[in-house]
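[1] I'd like to go over a predicted model; first the sequence, then the structure.
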Amino acid sequence: MEASNQGKTRNCVSCGRAIAWDANVCQYCGHDFRAPAAAPPHEKTILSLVGGILILIAGIMGLAMGAIFLVAANNVDTLADWGVDVAGVGDILSDILTVCGIIVIVLALIVLLGGFFGVMRKHWGLVILGGVLGLFLIGPYMLASILSLIGLILVAVSKKDFS
Ligand SMILES: [Zn+2]
């Protein structure tokens, strides 16, 4: 069998030139035919997906909270109807609420972006950043922070899912 292959040639898959039939390494380009075939693509785990979704939810919560701050800032006067004396501090209160609302919305947008990339399994560093910033969103019953923390842990342990 081997003898019948003497003198036969084949074309190198790398450079296309004719090489000895049983050559292990192409003499022209150095392509090594003994190299193992490319490893199968890594199976992505559910952990990274769930982590991304949790961070995404935290971001949505933050966005809603920021919107509530802004609405409240524009309706400080109505606090008087609830018996809160806002005379003299109404403008300051409105400004504080506006600044808080804008800060929360900017934070929430970065968290949302992180969560989105988490679901896509891309840009691991950005997803981690989103999860960390999500910790500061707090939210009702600290839900946004708790979701971010769990999401952060899930994404951190499944780093290999990210390209
Ligand atoms: Zn070659």
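    Thanks, I have it. Here the structure is a predicted model, which is why all the values come from computation and not from measurement. Numbering: from 1, shown residues only.
[2] Now do the domain split for this structure, please.
    1-35, 46-161 (automatic domain parsing).
[3] how much space between K122 and S94?
    In this view, K122 and S94 are 40 Å apart by CB to CB, to the nearest Å. All C-beta spots, glycine's among them, are computed from the backbone N, C-alpha and C.
[4] So these two - more neighbours on which side?
    S94 (17 against 14; other CB atoms under 10 Å).
[5] May I have the residues that are in contact with the residue lying closest to L149 once chain neighbours are set aside?
    Nearest residue to L149, sequence neighbours excluded (CB to CB, 6 or more residues apart in numbering): L135, at 6.2 Å. Listed by CB atoms under 8 Å, 6 or more residues apart in numbering, the contact set of L135 reads 145, 148-149, 152.
[6] Packed most tightly, which of the domains of the chain would that be?
    domain 46-161 (a mean of 18; mean count of other CB atoms under 10 Å).
[7] average model confidence for that one?
    Domain 46-161 carries an average pLDDT of 93.
[8] Make residue 1 into 859 and carry on from there
    Renumbered: residue one is now 859, and that last one reads domain 904-1019.
[9] The closest residue in space to A931 that isn't next to it in sequence: helix or strand, and which one exactly?
    The spatially closest residue to A931, leaving aside those adjacent along the chain, is L955, at 3.5 Å (CB to CB, 6+ apart). Assigned by DSSP states H and E, L955 belongs to helix 948-978.
[10] do the same with I877
    Per DSSP H and E: strand 876-878 holds I877.
[11] List the contacts of that strand.
    866-870, 884-886.
[12] Check whether it comes near the ion.
    No: Strand 876-878 is not in contact with the ion by CB under 5 Å from the ion; minimum separation 6.5 Å.
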